[in-house]
Each structure stands twice: as C-alpha cells, then as structure tokens.
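**Student:** Kindly generate the corresponding structure for this input.
(one chain, ligands or ions: 1)
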Amino acid sequence: MVPQTLPEARLQIDALDEQIQKLISQRARVAQAVANIKQQMGDTGNHYRPSREAEVLRRAIERNHGPDGGPLTDETIARLMREIMSVCLSLESPLTIAYLGPEGTYTQAAVQKHFGDSVTARPARAIDEIFRDVETGAADYGVVPVANSIGGLVSHTLDELVHTKLRICGEVTLPVHHHLLSMQGDFDGLTKIYSHAQSFAQCRKWLDARLPKVELEVVSSNGEAARRAAAEGKGTAAIASLQAGRINALNILASNIEDDPSNTTRFLVLGKQEPEISGNDITSVVMTAHRNQPGALFKLLQPFAENGLDLTRLESRQVRDSVVTDYYFFVDFAGHAADPKVRAVLETIRSDAAFFKILGSYPRAVM
Ligand SMILES: C=C(O[C@@H]1C=C(C(=O)O)C=C[C@H]1O)C(=O)O
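**Tutor:** Numbering: from 1, shown residues only. Below is the predicted model:
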C-alpha cells in the first residue's frame, strides 16, 4: 500500500525496519551455524567461500529483475548484500586483507568492493610484499592491481604470479575516477599538485586545459599524494580517489577529471584457496612455448578453440634474463579447471608447453 501522508510513510518504514533487522540478525545466526558445521566437517581454514559469495550476489541481482525487484540499481542491491555478507562472515572468520597502500589507494577501494567493510585491510608498501604477507599468513588474502584500461599491465604483479604458490581466487574490476583534492576550497593560489605518474597521464587533457602552469610532482601512490596535500595545506592539491580525500579530510575541487570516463582497473585476489565451481568462472594460466618452433603459440592456443573455450584475455610478457627472446603468455578463459572437459584441455596444453602453470579458477566479478 503506497502511503499518502508522512506519518503513514514513517509508520510503514518503522515496521519494515523492524522486519529487516530481525531478518539480518537471523541471517547472522545462521552464518554462525555454518561456521560450526564447517568446523565439524574438519575445515581448518577460514570460512570465506568466493564461489558461494558470487552465487549469493548473482541471485540478489536476479531477484532485482523479478517480481520482488524495486527501484534500486543492481549495483546498489549487490553492494548492500555485499555488506550483509561481510558482517556475517566477520562473525565466522575475521579476515585480514593485504593491499597496495598507503590508505586511500584504489587498491584499498578494490578490497572494500570485493570483501565489504568488515575486514581488516593491511597496507603493504609494494606488490611483492602483498604476496609475502599472504604466503606467510600475515594476511588471509591479498589484492593486487593487474591491468588498467589506459596504463596497461602491472608488470610486478605478472612477474610475481609466475613464481608464487598462491592462487588467484577472485577478480575485482573498479572504474577509476580521479578527483582534484585540497585543503583549500578553491583553485586560488594553487602552485603544486601531487599524484602517481599514471594518474597524471590519465588526467593530461584536463590539467593542460585548466591548470597548465601548476607544478606536477610525481609521488609513489595516490594515497601518498593525498597525505602530502593534507600535510602541506594551502597552495597544494592531490589527484586521488574520493576515499583518499575522505581519509585526509580534503575538499573536492573538481570531480571525475580523467580524460577517459571508462577508465577501469582490474585487480586480482590472491589466497591459498581453490574456489569451487560457481557456474560463471574464469581460469588463468601462464605458459611459454618451445623455442624455434614455427606456430608454437598457435599450437598452444588451438585446444581452447577446438573445445569451444572462450579466451577472455591474452597478454604476453618477456621472460626476464632471457638472452633469446622468450615470452610468458598469460591466458584467461571462461571455465573452471575442476570441470573434466577443461581439465582435459589443460593437460593437452601442459604437455605441449615448455612451461605451464595454472594460476587459479575463480568466479567472474559480479559487481
Ligand atoms: C555462510 C557461509 O560462509 C561465508 C559467508 C557467506 C554469507 O554470509 O552468505 C557466504 C560465503 C562465505 O564466505 C557459507 O559458506 O555459506
């Protein structure tokens, strides 16, 4: 019944809130029961299940299109469900997630998007430190950037992936929006802007048009840029994320100043876990072909085509220290390595490749 007066509307909202709260508490109790059941089943690790979470989020989005759907966007519904799962999971297993710090980086925003707010985010100084934090158990999972639609591949991440024992257990895609942030409230007397080199490159046109005379100083991250703008105050600004602005209490002088509004960064979630089949999964592998064999790459990729496996990404990176030119091929495709058909294809490729490694099978990003 659509309310006609404000008191009527408030009454309805109070009644709905009561129901929502009751249901959320019930859900949390069931999640606690799940933890006990998993322990009884001899599960010794944490209780985070990437495939199950993807399934819950996909269902929420499906429902949003059904008879119980409402005026909220899929993204909003998924974000709310994400937070509910995040608080439920924190009762089962409080998680620590290593990310490329300092606070306020886009990688931290990716952690929040993927795991929700009820995790401890642990900033690392460099990408290899994130791998080490997860390998040693200082963090349960790690989040690293792997590619940006404008800036290209993150080579440190690819290099670490070749050698690590960790598995990719998830992906996060994040639209990247840059903002000009400062302690001051206007452009007057701005003489210096701090940012990461990539962010400057991504805002080149805007900077040339609006602030051609201001000095640009490259720092190690956007989080660091925001920290400096806050510490130095008047006359300085940073190009960074809204989150970095919030953390450092900066004003927004200009929003979405990136040249390409579809600018997106892809991140990987690293862990020791092998996610189960979720029904919409990606598998990542890395391989090298035998040298001096014409058509070697063609031969490596042929089994994917012959078995109808859809390649979603193919990147190459030169093998470090190789005198002769030699390339690692990073291939992503739709499917899960536990699927017998996929397993057979991977075994064929493994026997044809000079080097071959499965990096992980994980649910395709839902949000
Ligand atoms: C409750 C579970 O454990 C965790 C919490 C989930 C949730 O709150 O829905 C989903 C998957 C797991 O990360 C489960 O495995 O079902």
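
**Student:** Tell me how far V2 lies from the ligand.
**Tutor:** For V2, the distance to the ligand (Cβ to the nearest ligand atom, to the nearest Å) stands at 32 Å. For glycine as for every other residue, the C-beta is placed from the backbone atoms N, C-alpha and C.

**Student:** Give me the neighbour count for that residue.
**Tutor:** Neighbours of V2 under the rule other Cβ atoms under 10 Å: 6.

**Student:** residues in the protein within reach of the ligand, list them.
**Tutor:** A31, V34, H47, Y48, R49, R52, E53, V56, M85, C88, L89, E92 (Cβ under 6 Å from any ligand atom).

**Student:** Would you format these as JSON lines with secondary structure, pLDDT and neighbour count included?
**Tutor:** Shown next, in JSON lines, are those (DSSP: H, G, I helix; E, B strand; the rest coil; pLDDT from 0 to 100; neighbours: other Cβ atoms under 10 Å):
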{"residue": "A31", "secondary structure": "helix", "pLDDT": "94", "neighbour count": "18"}
{"residue": "V34", "secondary structure": "helix", "pLDDT": "93", "neighbour count": "16"}
{"residue": "H47", "secondary structure": "coil", "pLDDT": "94", "neighbour count": "18"}
{"residue": "Y48", "secondary structure": "coil", "pLDDT": "96", "neighbour count": "22"}
{"residue": "R49", "secondary structure": "coil", "pLDDT": "96", "neighbour count": "19"}
{"residue": "R52", "secondary structure": "helix", "pLDDT": "97", "neighbour count": "16"}
{"residue": "E53", "secondary structure": "helix", "pLDDT": "98", "neighbour count": "23"}
{"residue": "V56", "secondary structure": "helix", "pLDDT": "98", "neighbour count": "16"}
{"residue": "M85", "secondary structure": "helix", "pLDDT": "97", "neighbour count": "21"}
{"residue": "C88", "secondary structure": "helix", "pLDDT": "96", "neighbour count": "21"}
{"residue": "L89", "secondary structure": "helix", "pLDDT": "95", "neighbour count": "24"}
{"residue": "E92", "secondary structure": "helix", "pLDDT": "87", "neighbour count": "20"}
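
**Student:** Switch those residues over to JSON lines; also include distance to R317.
**Tutor:** Putting these into JSON lines (distance: Cβ to Cβ, whole Å) gives the following:
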{"residue": "A31", "distance to R317": "41"}
{"residue": "V34", "distance to R317": "41"}
{"residue": "H47", "distance to R317": "35"}
{"residue": "Y48", "distance to R317": "30"}
{"residue": "R49", "distance to R317": "32"}
{"residue": "R52", "distance to R317": "33"}
{"residue": "E53", "distance to R317": "31"}
{"residue": "V56", "distance to R317": "35"}
{"residue": "M85", "distance to R317": "35"}
{"residue": "C88", "distance to R317": "39"}
{"residue": "L89", "distance to R317": "35"}
{"residue": "E92", "distance to R317": "38"}
